[in-house]
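Here is a sequence with its predicted model. Questions after.
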Amino acid sequence: MDAAPSAPSPLIALVGNPNCGKTALFNILTGSRQKVANYAGVTVERKEGSLVTPSGLRIRILDLPGAYSLDPLTPDEQVTADVLLGKRTGEIAPDFVVCVTDATNLRQNLRLVLSLKRLGLPMVVALNMTDIARRKGIVIDAERLGLELGVPVVETVGVKTAGVRALIKMLDATAMPERRSRNTVWQPLSRSDIEHDQAEVRRILGVVGADRLDGVTFSDRLDALVLHPVLGPLILAVILFLVFQAVFAWAQVPMDEIKLGVATFGNWLGAALPASLLKDLAINGILAGVGSVLVFLPQIIILFFFILILEDSGYLPRAAFLLDRVMGSVGLSGRAFIPLLSSFACAIPGIMATRTIQNPRDRLTTIMIAPLMTCSARLPVYALIIAAFIPRRSVWGGLELQGVVLFALYLAGIVSAMAVAFVLKRRGKGGGFQALMLELPAYHWPNLRNLGIGLWQRVEIFMSRVGTIILALMVILWALSSFPAPPPGATGPAIQYSVAGHLGAWLAVIFKPIGFNWQISIALVPGLAAREVAVGALGTVYALSATGNDISSALTPLITQSWSLPTALSLLAWYVFAPQCLSTLATVKRETNSWRYPIIMAAYLFAMAYAGSWITFRVATALTGI
Amino acid sequence: MLVSKDIPLMDLAPGASARVVSVSGADSKGPADLGRRLAELGFLPGEAVRIVARGLMARAPIAVRIGTGTFALRLFEAACIRVCPEQPQLP
């Protein structure tokens, strides 16, 4: 099949059921020497690392996605089966397989070992989490287990470094078989094959003295609270509130620091450099672009800090369990809740968080509706328009009208998100019944090392792959807003003469039916960078000299005078859908591995924004009689 | 040995122990590989099952202990599984 590579380093694949502690073992084996990417053509995460054994042998280790069987049902399992069979394009078949098993759940895990044995690849079984098993009173004779399985068994303790020494020693001592073209043939297992395997597993467990069931475990006692029909949702609400609060509020301080730092550096650079086009590019193009990438980091780090802890401890699948009925009614997985909640702060960490949704269709639907959650970047725009057009008065006995309008805008986003999810669900094949079959693993304490490595990987992925796209787009946007320069003696703001200005003038024709004037249309172009930039851009278009927070207060009386109420309401409706956020689209590109979905997303959001604004404008015009 | 009739998994009282009797294939509305996947997860004749928890709305989904693992199932998935309670069920 695949030609032998020139590098002699053997490739070892880690295989195992989901939740068997495989990734924790991988983290200990490889430490920070990991590369995270995607398998070609799919969104399944590919993790490879390497280690050097005491004898100096360099080993490449591939952490294959968790699988319940070699007859795949999910994209994850497809990758695992294909790689093991040497059928995956761009991947070489592993030389050696380490099958990771959870010593507390061998009854389930050993069937995969038997399947892998059928495959005939050289392998060793890592008996993981033996410390937890021992605490439960399960002592497994590893040597005897190996004898019965016909495969060497090594004891490892998933979260402790010392535990993997035996495994490394064994890998070191094993003469790696010569890589040859293998003709691995896999016969899909029939139901009776599976039943036969299970009988064998029971026999082996009986022989090694591990054929026993748990009584009421610690996890069961915790589940009695966590999955309780009344207490469970309450606990969930508290946790979700904490996550939301953290992403929304705690991230504000570091975000402000980053903005301030970038601005200070820009000012310093502005004073240090002579005025030139290059200086403008450096400050308003590159530095502003870097700033707009960095500013997402606090939210991403805080959100993933919580998600990794919830995932590692075993709570996340429980949250999905509790929310399954609610989210399932619009065709979403219960796991969609946290990504959608985080999207209220910013769609970018939200979309990145959809990785915890295993079903690819659910994940795509969640990604597609995430931008409909009103993100915090829309607040400055809302605040400006509401302050200018919605009178400060109480309605319906004590409710503040401005607050009611803001709430209505948030609600409009949620309702349209549910509608879109519902339509997407209807459109899909076999939409009636979606399998859940979600494993609820035993609880355990999150591991700091895994948390650190996981966080670092998120940051790295964002910086290297999303950040570069955002930065490039920001520089292009700067060029569009700066060229060509205004002719000598020009009276209008410089942006009016640039490509962006011409684009805005052209957009003004399209946006006339929904009540936008040319000033708004132009401001929407730099507003592509980030939604809140539109406020600053309006300031530029109206040739205001104010900067920062003063723009809003200077703009308020101006737009109150020059915009009609229907125009203002129409712009509010536009921002409920607001397709124009390049960073979001760049993230969708990265997460779905194709330009197809960001393009569909931009198109459908644009259509909804236009329709929403059109209706708002027409209705408001008719009602106000202008 | 207690001789009791087999019942659908979702009729099993929470906390009561039972053994899997049979796992039928998919019903016409579900994904085609449903029964097979349940088998791959460990829902095999003779294995011990117990309902750990049920959801608030329509008592779904249900969390099921199978052997030493726990899975959350929607009702149509649980409908494929018939079990035999270890002790007679209280009505």
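Looks like it arrived, so ask away. Numbers count the residues shown, from 1 in each chain, chains lettered A, B, ... in the order given.

For the residue in the stretch 151-300 of chain A that chain B sits nearest to, report the pLDDT, please.
Chain B sits closest to A:L227 of the stretch 151-300 of chain A, with a gap of 3.6 Å, by C-beta to the nearest C-beta. No exception for glycine: its C-beta is placed from N, CA and C like everyone else's. With respect to pLDDT, A:L227 scores 92.

With A:P152 instead?
91.

go on, A:E200?
94.

Tell me if it really is in a helix.
Yes. Per DSSP: H, G, I helix; E, B strand; the rest coil, A:E200 lies within a helix segment.

measure the closest residue to it other than its chain neighbours to A:R318 for me?
Among residues not flanking A:E200 along the chain, A:L114 sits closest, at 6.3 Å (C-beta to C-beta, 6 or more residues apart in numbering or on different chains). Note on A:L114: its distance to A:R318, by C-beta to C-beta, to the nearest Å, is 30 Å.

Between the two, tell me which one has more neighbours.
A:R318 (26 against 21; other C-beta atoms under 10 Å in any protein chain shown).

State the helix or strand in which the more buried one lies.
Assigned by DSSP states H and E, A:R318 belongs to helix A:315-328.

Equivalent analysis for A:L167, please.
Per DSSP H and E, A:L167 falls inside helix A:165-173.

Which other helices and strands does that helix contact?
In terms of contacts (3 or more C-beta pairs under 8 Å, 6 or more residues apart in numbering or on different chains; DSSP states H and E), helix A:165-173 is packed against strand A:96-102, strand A:123-128, strand A:153-155.

6 Å instead, please
Where contact means 3 or more C-beta pairs under 6 Å, 6 or more residues apart in numbering or on different chains; DSSP states H and E, helix A:165-173 is packed against strand A:153-155.

Could you pull up the residues touching the closest residue to A:M373 other than its chain neighbours?
Closest residue to A:M373 apart from its sequence neighbours, by C-beta to C-beta, 6+ apart: A:S343 at 3.7 Å. Shown in contact with A:S343 (C-beta atoms under 6 Å, 6 or more residues apart in numbering or on different chains): A:G350, A:A370, A:M373.

can you list those in a markdown table and add secondary structure, pLDDT and neighbour count?
Supplementary listing: the contacts of A:S343 in a markdown table, determined by DSSP: H, G, I helix; E, B strand; the rest coil; pLDDT from 0 to 100; neighbours: other C-beta atoms under 10 Å in any protein chain shown:
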| residue | secondary structure | pLDDT | neighbour count |
| --- | --- | --- | --- |
| A:G350 | helix | 86 | 29 |
| A:A370 | helix | 93 | 29 |
| A:M373 | coil | 89 | 21 |
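
export those to TSV and tack on distance to A:T80?
Below are these laid out as TSV (distance: C-beta to C-beta, whole Å):
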residue	distance to A:T80
A:G350	28
A:A370	28
A:M373	33
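
Not counting its neighbours along the chain, what's nearest the residue of the stretch 151-300 of chain A closest to chain B?
If the residues on either side of it in the chain are set aside, A:L227 comes closest to B:A53, at 3.6 Å by C-beta to C-beta, 6+ apart.

Ramachandran angles for A:R393?
phi -150, psi 160 (degrees, to the nearest 10).

Share the number of residues neighbouring it, please.
9.

how about A:K35, secondary structure?
Using three-state DSSP, the structure places A:K35 in strand.

That one and A:E48 touch, don't they?
Yes. Here A:K35 lies in contact with A:E48, judged by C-beta atoms under 6 Å, at a distance of 5.1 Å.

For the two, work out which one has more neighbours and name it.
A count of neighbours by other C-beta under 10 Å puts A:E48 above the other of A:K35 and A:E48, at 17 against 12.

ok, back up a step: A helix includes the residue nearest to A:L227, no?
No. B:A53: not assigned to a helix; according to three-state DSSP it is strand.

can you pull the contacts of it?
With C-beta under 6 Å, 6+ apart, B:A53 has these contacts: A:D223, A:L227, B:A63.

quick one: contacts for the residue nearest to A:D214 when sequence neighbours are not counted?
Excluding its sequence neighbours, the residue lying closest to A:D214 (C-beta to C-beta, 6+ apart) is B:T68, at 6.0 Å. Going by C-beta under 6 Å, 6+ apart, B:T68 touches A:N105, A:R107, A:D214.

how about 8 Å then?
A:T104, A:N105, A:L106, A:R107, A:Q108, A:L213, A:D214 (C-beta atoms under 8 Å, 6 or more residues apart in numbering or on different chains).

A:T89 too?
Counting by C-beta under 8 Å, 6+ apart, A:T89 has contacts A:A40, A:G41.

One more: A:Q78?
With contacts defined as C-beta under 8 Å, 6+ apart, A:Q78 is in contact with A:V42, A:P72.

Of all residues in chain B, which one is closest to chain A?
Closest point on chain B to chain A, by C-beta to the nearest C-beta, is B:A53, at 3.6 Å.

low-scoring stretches of the chain, by residue?
Because you didn't say which chain, this covers chain A. For chain A, the stretches with pLDDT under 70 are A:1-8, A:158-161, A:175-183, A:428-434, A:543-551, A:625-626.

my bad, the chain I had in mind was chain B
For chain B (pLDDT under 70), the answer is B:1-4, B:26-32, B:58, B:87-91.

Near chain A, which residues of it are found?
B:29-31, B:33-42, B:44-48, B:52-58, B:60-61, B:63, B:66-74, B:76-77 (C-beta under 8 Å from any C-beta of the partner chain).

Write a ChimeraX command that selects only the buried members of these.
Selecting only the buried members of the residues of chain B next to chain A in ChimeraX, with burial defined as 16 or more other C-beta atoms under 10 Å in any protein chain shown, works like this:
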select /B:30,31,34,35,36,37,38,39,40,41,42,44,47,48,52,53,54,55,60,61,63,66,67,68,69,70,71,72,73,74,76,77
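
Give the buried residues for the helix holding A:R318.
Buried residues in helix A:315-328, counting neighbours by 16+ other C-beta under 10 Å, are found at A:315-325, A:327-328.

Identify the single longest helix in chain B, thanks.
Longest helix in chain B, counting residues (DSSP state H): helix B:34-41.
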